[in-house]
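*Asks:* build me a model from this:
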Amino acid sequence: MAGIQDARRSALENELGPRARRKAQRPQEILQAAFEEFVERGYTATRIEDVATRAGVTKGTIYLYFQNKEELFQEVVGKLSQPIFDEKQFMEQHQHRSCDELVRLFLDTLYQHMTVNPHSREILRFLIADGRSFPTLVSTYFDQFVQPLMTMFDRILQKGVREGVFEIWAEGHISQILVSPALTYTIDTLLSPDTKLPELKIYVNTHYEMVMRTIGKAPA
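*Replies:* Here you go, the predicted structure:
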C-alpha cells in the first residue's frame, strides 16, 4: 500500500511541475531556516524576518504557514525531533544478541542521537533555555521522545533479569539513574563546547562499565 501511495504522489508531483514541488517543500525549508536561526541567535533574539531571509522567502510567506514566532518554534521542536528508537524494530533486529550487548547498543545509539545528531542536540538546548515558556511543548516532548526510550531500557533490563544475567538493586527510577550520564555529557557539550571533555568513545565505555557493574549479576 505504501508503495502505491508513493507512486501516486510521485506521479502527481510530476504533473504539477517544479513550482508546485518547490511550494510543497517550502514549510520544511522554513523550519530548517528557523532551526538554524534559533541555534545561532536563541529564541528571544530571533526575528521572523531573519528566518525569511535565511529561507529565501518574504516575511509574508512565513505567515502563510505559521501564525507567529511561538508557533514556528513549537513546529521546529515538534517536526525536527526524531525518535531515538523504534523499540519493536530494535528488539527484532537484535533478538539474538545477549543482554549486555543490547545495553551497549542502546547506549551507543543514545549517545549518537543526543550528542552527534545536530537537530536532537540543539532541540535539547532550546528546551533547556526556553522550556519554561512552553510547558506543554516540553511535556509533549517528554511523552513522545524521552519516556519511550526509558521504557525500552527498562525492558532490556527486565529481559536480563528474566534470563538471570542482571540483578536490579532498586525499583522505580533505575532507568533514569542509569541513563543520566548521557544527559550530563550532552549538557556539558552544549554549555561548554570549548571545554576539554572526555573523548566520546572513552566516556561511553566508562558509562557502559558503570551500568554493568550496577546491574550485573555476580557469578555464583
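*Asks:* and this protein, what are its domain boundaries?
*Replies:* Following automatic domain parsing, one finds the domains of the chain at 2-79, 82-215.
*Asks:* including mean neighbour count, could those domains go into JSON lines?
*Replies:* Glycine gets a C-beta too; all of them are placed from N, C-alpha and C. Output for the domains of the chain, formatted as JSON lines (neighbours: other CB atoms under 10 Å):
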{"stretch": "domain 2-79", "mean neighbour count": "15"}
{"stretch": "domain 82-215", "mean neighbour count": "15"}
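*Asks:* and the ones you listed, which one's lowest on average pLDDT?
*Replies:* Ranked by mean pLDDT, those end with domain 2-79 at the bottom, a mean of 81.
*Asks:* for the residue nearest the centre of the chain, which residues are in contact?
*Replies:* Residue closest to the average C-alpha location in the chain (CA atoms, centre = their mean): S120, at 4.0 Å. Residues in contact with S120, defined by CB atoms under 8 Å, 6 or more residues apart in numbering, are S81, Q82, I84, H113, M114.
*Asks:* list the contacts of the closest residue to V211 other than its chain neighbours.
*Replies:* Leaving aside its sequence neighbours, V211 sits nearest to L178 (CB to CB, 6 or more residues apart in numbering; 5.2 Å). Contact partners of L178, counting by CB under 8 Å, 6+ apart, are F153, V211, T214, I215.
*Asks:* can you tell me how far L178 sits from R41?
*Replies:* With distances taken as CB to CB, to the nearest Å, L178 is found 36 Å from R41.
*Asks:* show me the helices in the chain, by range?
*Replies:* Secondary structure of the chain (DSSP state H): helices at 2-16, 18-41, 48-55, 59-65, 69-80, 87-93, 99-111, 118-130, 135-141, 147-162, 174-191, 200-215.
*Asks:* could you dump the ones you listed to a markdown table with distance to I168?
*Replies:* Below are those laid out as a markdown table (distance: least, CB to CB, whole Å):
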| stretch | distance to I168 |
| --- | --- |
| helix 2-16 | 40 |
| helix 18-41 | 39 |
| helix 48-55 | 47 |
| helix 59-65 | 48 |
| helix 69-80 | 33 |
| helix 87-93 | 19 |
| helix 99-111 | 12 |
| helix 118-130 | 28 |
| helix 135-141 | 27 |
| helix 147-162 | 6 |
| helix 174-191 | 6 |
| helix 200-215 | 6 |
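*Asks:* how about T61, nearest residue that isn't a chain neighbour?
*Replies:* Per CB to CB, 6+ apart, closest to T61 is A52, 6.7 Å.
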